[in-house]
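Student: Got a sequence here, can you model it:
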Amino acid sequence: MLGGTFDPVHLGHLRSAVELREALALDRVHMVPAAMPPLRGEPRVSPADRLALLRLGIGDTPGLVADPRELERDGPSYSADTLASLRRELGPEARLVMALGHDAFLRLADWHEPERLFELAHVVVIDRPDHRASLPQPLVALLAGREVEEGEALMTRPAGRLLRLKLPSRMAISATEVRRRLAAGLSVRYLLPEAVETQLLSRGLYRHG
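Tutor: Here you go, the predicted model:
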């Protein structure tokens, strides 16, 4: 599971999903747009538009799935509830992985029911090139005894471990910068999949502010 606002989806999101699947030999990666992210501001365009853009961006990429389950649920988009939903579908023995970026990882102890995340899944932190911060003490306590060094160690049990993963491309594309460029009428070529760029520009999404 790779969650996010995908506001809008860009090549960094998609390339990370592909490389995550390869690195851990995952059957598939569910890319899950958040409806109302509890710790972030309101997304700039509607959930339906963000999901449609994500589907356009994924296209026919093997193993990537645009998963709308958080958009179909009422209330805040808690990752623990999403993982519980996946766990119910896939069964108690399935190996579930929740991947997140380093910036989100630093706030993990502040998430809704953080211990429950590890009861339901492994947590994989995708290191970003521009993040080098020490861990806050509540996070250190949450992670005690969970960290492993290799992806193979995740696959020996269904949940409960933490892996920090460096992906080959490490694309430092920011959705904030993409939105800024769109609002200013500047080029976003090669930051987004071509189909996503075409749709954004033709509909004027993110054009104002």
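Student: would you list every one of the strands in the protein?
Tutor: 2-4, 29-33, 64-66, 97-101, 122-126, 147-148, 162-165 (DSSP state E).
Student: biggest helix in this protein by residues?
Tutor: helix 11-24 (DSSP state H).
Student: Now do the buried residues in that helix.
Tutor: By neighbour count with 16 or more other CB atoms under 10 Å, helix 11-24 contains the buried residues 11-21, 23-24. Quick note: C-beta positions are derived from backbone N, CA and C, even for glycine.
Student: wait, which of those is closest to Gly91?
Tutor: Sorting the buried residues of helix 11-24 by distance to Gly91 puts Leu24 at the head of the list, at 18.9 Å, by CB to CB.
Student: Pretty sure the closest one sits against Ala153.
Tutor: No. Taking CB atoms under 8 Å as the definition, Leu24 is not a contact partner of Ala153, at 10.8 Å.
Student: ok, back up a step: now the strands of the chain in JSON lines, with mean neighbour count, distance to Leu54 and mean pLDDT?
Tutor: Shown next, in JSON lines, are the strands of the chain (neighbours: other CB atoms under 10 Å; distance: least, CB to CB, whole Å; pLDDT from 0 to 100):
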{"stretch": "strand 2-4", "mean neighbour count": "22", "distance to Leu54": "9", "mean pLDDT": "93"}
{"stretch": "strand 29-33", "mean neighbour count": "24", "distance to Leu54": "6", "mean pLDDT": "97"}
{"stretch": "strand 64-66", "mean neighbour count": "19", "distance to Leu54": "5", "mean pLDDT": "98"}
{"stretch": "strand 97-101", "mean neighbour count": "23", "distance to Leu54": "15", "mean pLDDT": "95"}
{"stretch": "strand 122-126", "mean neighbour count": "24", "distance to Leu54": "18", "mean pLDDT": "96"}
{"stretch": "strand 147-148", "mean neighbour count": "14", "distance to Leu54": "30", "mean pLDDT": "96"}
{"stretch": "strand 162-165", "mean neighbour count": "18", "distance to Leu54": "22", "mean pLDDT": "96"}
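Student: For Ser187, which of those is the nearest?
Tutor: Here strand 2-4 is closest among these (CB to CB), at 23.3 Å.
Student: For that closest one, which helices and strands make contact with it?
Tutor: Packing partners of strand 2-4 (3 or more CB pairs under 8 Å, 6 or more residues apart in numbering; DSSP states H and E): helix 11-24, strand 29-33, strand 97-101.
Student: Adding distance to Gly75 as columns, could you present the buried residues of helix 11-24 in JSON lines?
Tutor: Output for the buried residues of helix 11-24, formatted as JSON lines (distance: CB to CB, whole Å):
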{"residue": "Leu11", "distance to Gly75": "31"}
{"residue": "Gly12", "distance to Gly75": "28"}
{"residue": "His13", "distance to Gly75": "24"}
{"residue": "Leu14", "distance to Gly75": "28"}
{"residue": "Arg15", "distance to Gly75": "31"}
{"residue": "Ser16", "distance to Gly75": "27"}
{"residue": "Ala17", "distance to Gly75": "26"}
{"residue": "Val18", "distance to Gly75": "31"}
{"residue": "Glu19", "distance to Gly75": "32"}
{"residue": "Leu20", "distance to Gly75": "28"}
{"residue": "Arg21", "distance to Gly75": "30"}
{"residue": "Ala23", "distance to Gly75": "33"}
{"residue": "Leu24", "distance to Gly75": "30"}
